[in-house]
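**Q** Give me coordinates for this.
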Amino acid sequence: MLRLVIFGNPEKRHVGEAIEEFSDFAKDKAEIVASCGIDECTADILKDADFAVVFGGDGSIISAARNLSQASVPVIGVNLGKLGFLAEFSVDELKKLFDDIASGKALIEKRMMLGCRIFRDGQEKFYSAAINDVFITAGAPFRTIELKMSVDGQMIAGCVGDGLVICTPTGSTA
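**A** The predicted structure is shown next:
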């Protein structure tokens, strides 16, 4: 039986109802290992799961992907937001495709993740993973900053400017 972890922010419009509807549908088809809020997403929660299902919009998918970047579990996005570039399925579409997902017939699209570390005076000040893009700026008061970019410890470029946007092939959803 397929093991699922369900993520969503039940305080957002329609999310609680959608999670309840899908959970009721899936109860005889899958084991729901956990159901958590987006801020409670951790890779450890997924250790016994085959899939994560995220209910919300692209922001929820981006947050879940960032928080789950160390887990090797596919994430299915159910769009309850406005755009749905990353959260491509409706609840009804997910229910229709569920048997294909459970049997392994569904295509899984792998996405590149980007890790961003910011150092100042040799000390790491910030780290985050991203599925879409990273935007670095000096912040207020806006001024120029010197940036040096490395990939796997290899310096690739440097620049002076007021900011930098680095994207994965997924691109910006903003």
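
**Q** From now on I want contacts and neighbour counts done on CA atoms only, so please keep to that.
**A** Will do.

**Q** And for residue 80, nearest residue in space, chain neighbours not counted?
**A** residue 56 (4.7 Å; CA to CA, 6 or more residues apart in numbering).

**Q** for that neighbour, which residues make a bridge with it?
**A** With DSSP bridges as the criterion, residue 56 is bridged to residue 79.

**Q** contact partners of the helix or strand of the chain with the lowest mean pLDDT?
**A** Within the chain, confidence by mean pLDDT, DSSP states H and E is lowest for helix 58-67 among all helices and strands, at a mean of 85. Residues from elsewhere that reach helix 58-67, judged by CA atoms under 8 Å, 6 or more residues apart in numbering: 7-8, 38-39, 41-43, 54, 75, 77, 79, 81, 83-87, 128-132, 173.

**Q** so the strand or helix carrying residue 76 versus helix 58-67, what angle?
**A** Per DSSP states H and E, residue 76 falls inside strand 75-79. Between the direction of strand 75-79 and that of helix 58-67, the angle (axes from the mean of the first three to the mean of the last three CA atoms, to 10 degrees) works out to 160 degrees.

**Q** And the helix or strand just after strand 75-79, how far out from the chain middle?
**A** Beyond strand 75-79 on the C-terminal side, the first helix or strand identified by DSSP H and E is helix 91-103. Its chain's average C-alpha position is 20 Å from that of helix 91-103, according to CA atoms, centre = their mean, to the nearest Å.

**Q** mind giving me the domain ranges of this protein?
**A** The chain is divided into the following domains under automatic domain parsing: 2-103, 114-167.

**Q** Would you point to the one among the ones you listed that's packed deepest?
**A** When neighbours are counted by mean count of other CA atoms under 10 Å, the highest per-stretch mean among those falls to domain 2-103, a mean of 18.

**Q** what bridges to residue 124?
**A** Beta bridges link residue 124 to residue 119 when assigned by DSSP bridges.

**Q** Would you agree it is in contact with residue 117?
**A** Yes: shown here, residue 124 and residue 117 form a contact pair, counting by CA atoms under 8 Å, at 6.8 Å.

**Q** Stretch 125-134 - what's its average pLDDT?
**A** Per-region confidence: stretch 125-134 scores 90 on mean pLDDT.

**Q** Is it correct that the residue nearest to residue 80 is in contact with residue 87?
**A** Yes: using CA under 8 Å, residue 56 is in contact with residue 87, at 7.5 Å.

**Q** Show me what stretch 132-142 is in contact with.
**A** The contact list for stretch 132-142 (CA under 8 Å, 6+ apart) reads 62, 113-114, 116, 144-145, 162-173.

**Q** Please save the CA atoms from that stretch in CSV.
**A** The C-alpha atoms that make up stretch 132-142 are tabulated as CSV, following Å, rounded to 0.1, in the frame of the first residue of the first chain:
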residue,chain,number,x,y,z
ASN,A,132,12.9,28.0,-8.4
ASP,A,133,15.1,31.0,-7.7
VAL,A,134,17.2,32.8,-5.2
PHE,A,135,17.3,36.6,-5.0
ILE,A,136,20.1,38.3,-3.1
THR,A,137,20.1,42.0,-2.3
ALA,A,138,21.9,44.2,0.2
GLY,A,139,18.5,45.3,1.6
ALA,A,140,17.6,48.7,2.9
PRO,A,141,19.3,51.2,2.7
PHE,A,142,19.8,49.9,-0.9
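
**Q** Perfect, that will be all.
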